[in-house]
Structures are given as structure tokens and as C-alpha cells.
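A.B. asks: Predicted structure and sequence below. I'll ask about it afterward.
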Amino acid sequence: MYLKRLFLLSLLLGTALNAEVEDKWKINVGGMFVTSFETDMQLSKKGFPVGARINTEDQLGLNSDTATFRLDGYYRFNDQHAIEGSYYAVRSDGERVVSGEFEWNGDIIGAGARVDSFFDMDILKVNYLYSFYHNDRVELALSAGLHLTSIDLGISASGSVNGIPSKTVSSGSSVTAPLPVVGFKGQYTIIPETLFIDYKADFFYLEFDTYTGSLISSLFAIEYRFVEHVGVGLGFDSTIINVEMDDGDKKVNVDNTLSGFLLYFTYIY
């Protein structure tokens, strides 16, 4: 909810700072139907050997197919300058009787233990766009901004833990990964004011102190405007993100691949 409010505030600030420029809004409201949500994660306690990464789908049974609400939009100050943003959240949980032991936050979870797990991710993107080429058919733009990912993950295990039968442990962690990104955006008009193709991509890598993060994100969409200000779009979005963080007490490592189809209604003004 906090990330969603931040996204909306960024758009409103753009309006307030540029009230003298004619408005040009675009808001997409719809859903993302996730086709792949695969995560390798690791949580290690200080002073303990670093354990192997856990695949949440194969080892823990987390759901990989889900649907989520998604909000996208932009505000164009003029033909060359704009801001854009998007917000969506993915929730996944699962349960499984594990077939082999693994280490999690200093605990050894034995084979045959029942494990309940969750992995929640909120994603907020805010970009500044500079359109360096724009004619009646084609627009090309460079972008720079922030990709903010908030991750909550954890497990609860019952069974053999640290060699003790019938024991229950629970532990988890939260990571907020603010990744500054650079990118590219292009739009091609197939039928003026009616049919469009959009593509955009963001990239970045950051290594600072005890934090490392990388990101590759891309989106392809085709949009049909059936009346002057309203349309419908279908697209495909893919994001690959890696986050490593060491807070001195524990180390968190997350590799996540998220992809899925978009279906949305759009309003342009």
C-alpha cells in the first residue's frame, strides 16, 4: 500500500510542478497473469556455514501461477519530457513435506518435515523519460529512474529440526531493494490514434557496501483504442532480479524470475 501511494504521489507532483503545460495523461488499469514466478532464496545466520539456495517451487511447493492487480501510467510534460510509473504486487505461499534436508537461518530442516512458506513481493517503478526521436509513427525515448522492490519471505517447519524430532521453528526476513535503472522505450503507431505497439526495457547493476543488486526488465504490449480516449491492451512482462544483503546478523540472497501476460484497460487524456 505504501508503494502504491508513493507511485500516485509522484504523478501528482509532476502535475503540480508543471501546471502551465497542457496535460497529457495515460492510465492503465488491469491485471498481470503470472506464468513464471521462480525464486531461489537463502537465509543464513551469522557464524553459521552458508547453506545452499532453496528453490521455492521445487523444494517448498510455492505457487507459480497467480494473478495480480496492476497499475501503470505516465504524465507527459511536453513532446520530449515525461514521467512514468507502475505498481503491482505478487503473493505466493505453499506447503510441502520436504524430501531432503536443508539449512535455513542456522537451522537444519530434516527430510520428512512439513514446511509452510511464503514469498511476497511489491514492485514500484518510477522513470523519467526523454524522447529523442518523435514523429507521426515512431517515438524513441531514453529513461532513468528507480525500481523499488520490497520482499518478505519466510518459512515455518515442523518435524525434524537440528536433529530433534517433533520440533517447530519459524523465521523470515524482509528486504527492500531500491535499484536505480536506465532504460529504453519505443512506440510504433500501426493505425493512427487506434493501434499501437509498445516496448520498454530497464537495466542496472549496483554493488555498494554489504548490498548487491541487479535487474533486467522488459515489457512488450499491443494496444487498441476503440474510442477516442479509451482502449484495451495485451502484453507480456518479464523481470529478473538478484538481491544480496548482509546486515551483520544474517545474510539474505534472492534470485527471482517473474513473467506474465498483461490485460488492461487504458484511459488517455
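C.D. replies: That came in fine, so what should we check first?
A.B. asks: contacts and neighbour counts: CA atoms only from here.
C.D. replies: Will do.
A.B. asks: buried ones in stretch 222-237?
C.D. replies: Buried residues in stretch 222-237, counted by 16 or more other C-alpha atoms under 10 Å: 222-225, 230-237.
A.B. asks: Next, the contact list for residue 53, please.
C.D. replies: Contacts for residue 53 (C-alpha atoms under 8 Å, 6 or more residues apart in numbering) come out as 40-42.
A.B. asks: What's the local residue count around residue 167?
C.D. replies: Other residues lying near residue 167 total 14 when counted by other C-alpha atoms under 10 Å.
A.B. asks: That one is in contact with residue 160, isn't it?
C.D. replies: Yes: here residue 167 reaches residue 160: they are 6.2 Å apart, a contact under C-alpha atoms under 8 Å.
A.B. asks: mind listing the helices for the stretch 51-200 of the chain?
C.D. replies: With DSSP state H, counting those that start in this stretch, there are no helices along the stretch 51-200 of the chain.
A.B. asks: what stretches of it score poorly on pLDDT?
C.D. replies: Across the stretch 51-200 of the chain, the ranges flagged by pLDDT under 70 are 51-52, 64-65.
A.B. asks: how near is the residue most central in space within the chain to residue 267?
C.D. replies: Nearest residue to the geometric centre of the chain (C-alpha atoms, centre = their mean): residue 123, 4.1 Å. According to C-alpha to C-alpha, to the nearest Å, residue 123 stands 22 Å off from residue 267.
A.B. asks: what do you get for residue 219?
C.D. replies: From residue 219 to residue 267 the distance is 19 Å (C-alpha to C-alpha).
A.B. asks: Next: residue 72.
C.D. replies: Residue 72 is 11 Å from residue 267, by C-alpha to C-alpha.
A.B. asks: any shared contact partners between those two?
C.D. replies: With C-alpha under 8 Å, 6+ apart as the test, residue 72 and residue 267 both reach 27-28.
A.B. asks: and these two? which has more neighbours close in?
C.D. replies: Neighbour comparison, residue 72 and residue 267: the larger count goes to residue 72, with 21 against 17 (by other C-alpha under 10 Å).
A.B. asks: Which residue comes closest to the more buried one once chain neighbours are left out?
C.D. replies: residue 86 (4.1 Å; C-alpha to C-alpha, 6 or more residues apart in numbering).
A.B. asks: For the stretch 1-150 of the chain, just list every one of the strands.
C.D. replies: 25-45, 54-55, 66-76, 81-97, 102-104, 107-109, 114-134, 138-161 (DSSP state E, counting those that start in this stretch).
A.B. asks: Nearest to residue 253, out of those?
C.D. replies: Nearest of the strands of the stretch 1-150 of the chain to residue 253, taken as C-alpha to C-alpha: strand 25-45 at 5.1 Å.
A.B. asks: send the alpha carbons of that closest one over as PDB?
C.D. replies: Output in PDB follows, covering the C-alpha atoms of strand 25-45 (Å, rounded to 0.1, in the frame of the first residue of the first chain):
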ATOM      1  CA  TRP A  25      -2.200  11.500 -19.100                       C
ATOM      2  CA  LYS A  26      -2.300   7.800 -19.700                       C
ATOM      3  CA  ILE A  27      -3.500   5.400 -17.000                       C
ATOM      4  CA  ASN A  28      -3.600   1.600 -17.500                       C
ATOM      5  CA  VAL A  29      -5.700  -0.500 -15.000                       C
ATOM      6  CA  GLY A  30      -5.800  -4.200 -15.300                       C
ATOM      7  CA  GLY A  31      -4.200  -7.500 -14.300                       C
ATOM      8  CA  MET A  32      -1.000  -9.400 -14.600                       C
ATOM      9  CA  PHE A  33      -1.400 -13.200 -15.100                       C
ATOM     10  CA  VAL A  34       1.800 -14.600 -13.800                       C
ATOM     11  CA  THR A  35       3.100 -17.600 -15.900                       C
ATOM     12  CA  SER A  36       6.500 -17.900 -14.200                       C
ATOM     13  CA  PHE A  37       7.400 -17.000 -10.600                       C
ATOM     14  CA  GLU A  38      10.500 -18.800  -9.700                       C
ATOM     15  CA  THR A  39      12.700 -18.000  -6.800                       C
ATOM     16  CA  ASP A  40      16.000 -19.300  -5.400                       C
ATOM     17  CA  MET A  41      16.500 -17.900  -1.900                       C
ATOM     18  CA  GLN A  42      18.900 -18.300   1.000                       C
ATOM     19  CA  LEU A  43      18.800 -17.000   4.600                       C
ATOM     20  CA  SER A  44      22.000 -17.600   6.600                       C
ATOM     21  CA  LYS A  45      22.700 -16.600  10.200                       C
END
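A.B. asks: Perfect, I'm done here.
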